[in-house]
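Peer 1: What shape does this take:
(2 chains)
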Amino acid sequence: MVTNTTHGRLEKSRPWASPAARTAAVLTVIWAILVGVTAGFHPAFISRETLLAIAFSMAVIGVLSVGEAVVVISGGLLDLSVPASTALSALCTAVVLNHFGSWPAAIVGVACGCAVGLINGSLIVLTKINPIVVTLAVNFAGVGILNMAFGQEFPLLKSGLHDLGLNHLIGLPDITWLMLGVLFLTALGLSQTRYGRHAVAAGGGSPAAKRQGISLARVRIATFGFMGLCAGIAGVLYAAQSQLISASDTSNLLFLPITAVILSGFSLQGGRGSMLVLILGIGLLSTVPTSLIVMGLTPDWTQLAQGLLLVFAVSLDGFRIKRRLR
Amino acid sequence: MTQLVISRAQRIGKALVASSTRVLIIGLLLLIVVGWRLEPHLFLTSSNLYVISSAASVPLLITIAASVALLAGVIDLSVGSMTGFGAAVFAICIGHGLVPFAAAAVALICAMAVGAFNATACVFFGANPLIVTLGTLTALQGLTLILLNNISLAAFVPGLYNFTNATWAGVPVLLLIALVFGGAASILLAVTRWGRHIRAAGGDPAVSNRAGIPVGKLKFCLFILTAVIACLGGILYVGQDGAAQTTLGFGLELQIYAPILLAGYSLTRGGVGNVMGAVTGVAVLEVVDNLLNLRSVNPYWQYIITGAIILVAVYADVLRGGERYE
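Peer 2: Sure thing, here's the model as predicted:
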């Protein structure tokens, strides 16, 4: 008990020594090295165009990361159905957009993503199957259904939604600001509202949370529903910046958000993680594909890097959990 | 009265035909009747049966290795891309003028390295194997495309072609080898000390460790075994097709783990399941696949069916007393 309080006081008096601050420092250094090395090979990397390209990919990856972060911190392990739910949202947005205009399209897109999330959450609560397995199977079936329903590529008409994808505010694209807004609102919701604290408590220790009267079933449905909501927003943002959409486009959106979340210090054990550090993780992971492209490597290299980064992040997290248990 | 001590012969009998296998065999017979009613002139012809059995041979071989590994709690989702990667390495070595045996040796050594990579992350760092091997899956897919330069590479090896297409009394030799491998594996698991160790290590790793079973080493070896057999499958595919296809092994992991789950294995705990059940599971899935092909159903239905099979099979495990997730 005594050590615990001392530890707590230490952390309060020296905020820079907290694990979150350390993670933030490490992420910043790695990010700087990545940018430095890429710029060393190709000085053209440091330009407004690259900044915009990174900001664009940050928007979609960021919103997805926020969703995954909520799932991870509430002890829901991970949601692997992101490609299917994002593609569903983007494709539905495209269909409605071409007939009814921007606003209905955005609402339908977000609702579609949310529906997939609620399906995931209900399946997990009803069947008590591990969320990784549930969302993997839902993704597999979902991609099959989407490919059958939407065939090949789907064109998007010019619209107000496209302007959202093109407009800028203080140097950054509108959609990047939107992503940051979602992130800050979620951070506030997690720390300031009862629902948010319940979710974090459920992740910190499910038996204890249960004894406190928190309904784990409700937390699961709510967090996976929120993940679906984020995937829906990401799908709309994706639709806002593309001319053609196909059901298999989103398959490379699965790993980057997960890696960003885990590298930012969210433990798969649940209950730990800081949303502010997540911004750095999102920035770093969104820079990786762009800098690989600038270095002249094919998309296959991005795929290789994504896979290796994920393995690295999960191993690091596993090692930390092992050390904590010792 | 229940019999407490069972003889070795009874144990072998139980290993070859467990109760869950009997259910699957009945299902298989029903499917065959359904197939015969739906396609009376196409399904039960000798040419179609040959098509089914030659398509099933290589997945069967990999399924058997993966099911032995899963008994110890080792899950490797990267087997699919390992197959493609093995094929690519083999074909490239042949292209550089290596003797087939040397080329195969190079490919198998690469497979061992990948297996050791997975094992290090999962066993030493204690990372979640589902996520780690999902990362390896993507990384290997990228690496294969980089190696092949995104083009399928022709590599015709006459000896291997003759071997992979050989038949004995109308049955593909590869299928017979796979069946013998499966039978041998289940008998060895039932009667040897290593077999009991594998089951124990999967059933309760902590207790097994205390009982003196080298759980970590055992899991390490099984990760390598799975990767090596998957790579062997890739080499056999090169023999069958005369080329290393860029799309080889896409989705193969689910084709392998769906029958394993059907046979009553558990993804979250080892120690339960039966190898011959997995063999029957492969037969069930291949017959379903063949029927879908014969009736020219949209191939994406297979994705949906596989996703549903995984959910139902894992739910059955939860009902039987597998891990309940909350």
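
Peer 1: Name the residues of the stretch 51-200 of chain B found near chain A, please.
Peer 2: Listed as neighbours of chain A in the stretch 51-200 of chain B under the rule C-beta under 8 Å from any C-beta of the partner chain: B:117, B:120-122, B:125-128, B:130-132, B:134-143, B:145-146, B:150. From N, CA and C alone the C-beta is placed, and that goes for glycine too.

Peer 1: Apply 7 Å and report the result again.
Peer 2: By C-beta under 7 Å from any C-beta of the partner chain, the residues of the stretch 51-200 of chain B that approach chain A are B:121, B:125-128, B:130-132, B:135-136, B:138-139, B:141-143, B:145-146.

Peer 1: Can you list the low-confidence ranges for the stretch 151-300 of chain A?
Peer 2: Scanning the stretch 151-300 of chain A with the threshold set as pLDDT under 70 gives A:157-158, A:160, A:165.

Peer 1: Okay, strands next: where are they in it?
Peer 2: For the stretch 151-300 of chain A, the strands defined by DSSP state E, counting those that start in this stretch cover A:154-155, A:168-169, A:172-173, A:244-245.

Peer 1: and the third one, what other elements does it pack with?
Peer 2: Counting contacts by 3 or more C-beta pairs under 7 Å, 6 or more residues apart in numbering or on different chains; DSSP states H and E, strand A:172-173 is packed against helix A:48-73.

Peer 1: cool, and the first one?
Peer 2: Taking 3+ C-beta pairs under 7 Å, 6+ apart as contact, the helices and strands that strand A:154-155 lies on are strand A:244-245.

Peer 1: which residue sits closest to whatever residue of the stretch 201-326 of chain A ends up closest to chain B, ignoring its sequence neighbours?
Peer 2: The nearest approach of the stretch 201-326 of chain A to chain B comes at A:G307, 2.7 Å away (C-beta to the nearest C-beta). Spatial nearest neighbour of A:G307, chain neighbours left out: B:A139 (2.7 Å); criterion: C-beta to C-beta, 6 or more residues apart in numbering or on different chains.

Peer 1: wait, what's in contact with that neighbour?
Peer 2: The contact partners of B:A139, by C-beta atoms under 7 Å, 6 or more residues apart in numbering or on different chains, come to A:304, A:307-308.

Peer 1: Tell me how far A:L97 lies from A:P104.
Peer 2: Per C-beta to C-beta, to the nearest Å, A:L97 is found 8 Å from A:P104.

Peer 1: err, B:L148, not the other one
Peer 2: For B:L148, the distance to A:P104 equals 45 Å [C-beta to C-beta].

Peer 1: of the two, who's got more company?
Peer 2: Legend: neighbour count by other C-beta atoms under 10 Å in any protein chain shown for B:L148 and A:P104, higher for B:L148 (22 against 13).

Peer 1: quick one: contacts for that one?
Peer 2: B:L148 neighbours (C-beta under 7 Å, 6+ apart): B:88, B:244, B:246.

Peer 1: likewise A:L78?
Peer 2: A:68, A:71-72, A:131-132, A:258, B:131.

Peer 1: Which ChimeraX command selects the buried ones in these?
Peer 2: Of the contacts of A:L78, the buried ones can be selected in ChimeraX as follows, counting by 16 or more other C-beta atoms under 10 Å in any protein chain shown:
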select /A:68,71,72,131,132,258 /B:131
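
Peer 1: before we move on, back to that, which single one of the contacts of B:L148 is nearest to chain A?
Peer 2: Once C-beta to the nearest C-beta is applied, the member of those that ends up nearest chain A is B:T246, at 10.0 Å.

Peer 1: The closest one looks like it's in a strand, true?
Peer 2: No: counting by DSSP: H, G, I helix; E, B strand; the rest coil, one finds B:T246 to be coil, located in no strand.

Peer 1: Am I right that it is in contact with B:I146?
Peer 2: No: the pair B:T246 / B:I146 is not scored as a contact, 10.9 Å apart, by C-beta atoms under 7 Å.

Peer 1: still on that earlier bit, deepest-packed of the strands of the stretch 151-300 of chain A, please.
Peer 2: Greatest average neighbour count among these goes to strand A:172-173 (a mean of 20), per mean count of other C-beta atoms under 10 Å in any protein chain shown.

Peer 1: Between B:T246 and B:I146, tell me which one has more neighbours.
Peer 2: Using other C-beta under 10 Å as the criterion, B:T246 and B:I146 rank with B:T246 on top: 20 against 16.

Peer 1: Please report phi then psi for that one.
Peer 2: Dihedral pair for B:T246: phi -70, psi -30, per degrees, to the nearest 10.

Peer 1: can you list the weak-confidence ranges in chain B?
Peer 2: B:1-6.

Peer 1: most centrally placed residue in it?
Peer 2: Geometric centre of chain B, nearest residue: B:T63, 1.6 Å, by C-alpha atoms, centre = their mean.

Peer 1: which phi and psi does that one have?
Peer 2: Dihedral angles (degrees, to the nearest 10) for B:T63: phi -60, psi -40.

Peer 1: With B:A169 instead?
Peer 2: Torsion angles, degrees, to the nearest 10, at B:A169: phi 50, psi 40.

Peer 1: Just give me the neighbour total for it.
Peer 2: 5.

Peer 1: quick one on the thing from earlier: against chain A, how distant is the residue nearest to the centre of chain B?
Peer 2: Noted for B:T63: a distance of 18 Å to chain A, by C-beta to the nearest C-beta, to the nearest Å.

Peer 1: Quick check: that residue touching B:A258?
Peer 2: No: counting by C-beta under 7 Å, B:T63 does not reach B:A258; the two are 9.6 Å apart.

Peer 1: Can you tell me the SS state at the residue in the stretch 51-200 of chain B that chain A sits nearest to?
Peer 2: Going by C-beta to the nearest C-beta, chain A is nearest to B:A139 of the stretch 51-200 of chain B, at 2.7 Å. Classification of B:A139 using three-state DSSP returns helix.

Peer 1: Flag every residue of the stretch 201-326 of chain A that's near chain B.
Peer 2: Residues of the stretch 201-326 of chain A lying near chain B (C-beta under 7 Å from any C-beta): A:206, A:216, A:255, A:268, A:300-301, A:303-304, A:306-308, A:310-311, A:314-315, A:317-319, A:321-322.

Peer 1: Now the buried members of those.
Peer 2: Buried among those (16+ other C-beta under 10 Å): A:206, A:216, A:255, A:268, A:300-301, A:303-304, A:306-308, A:310-311, A:314-315, A:317-318, A:321.

Peer 1: What values do phi and psi take at A:S74?
Peer 2: A:S74 adopts backbone torsions of phi -90, psi 10, taken as degrees, to the nearest 10.

Peer 1: Alright, I will stop here.
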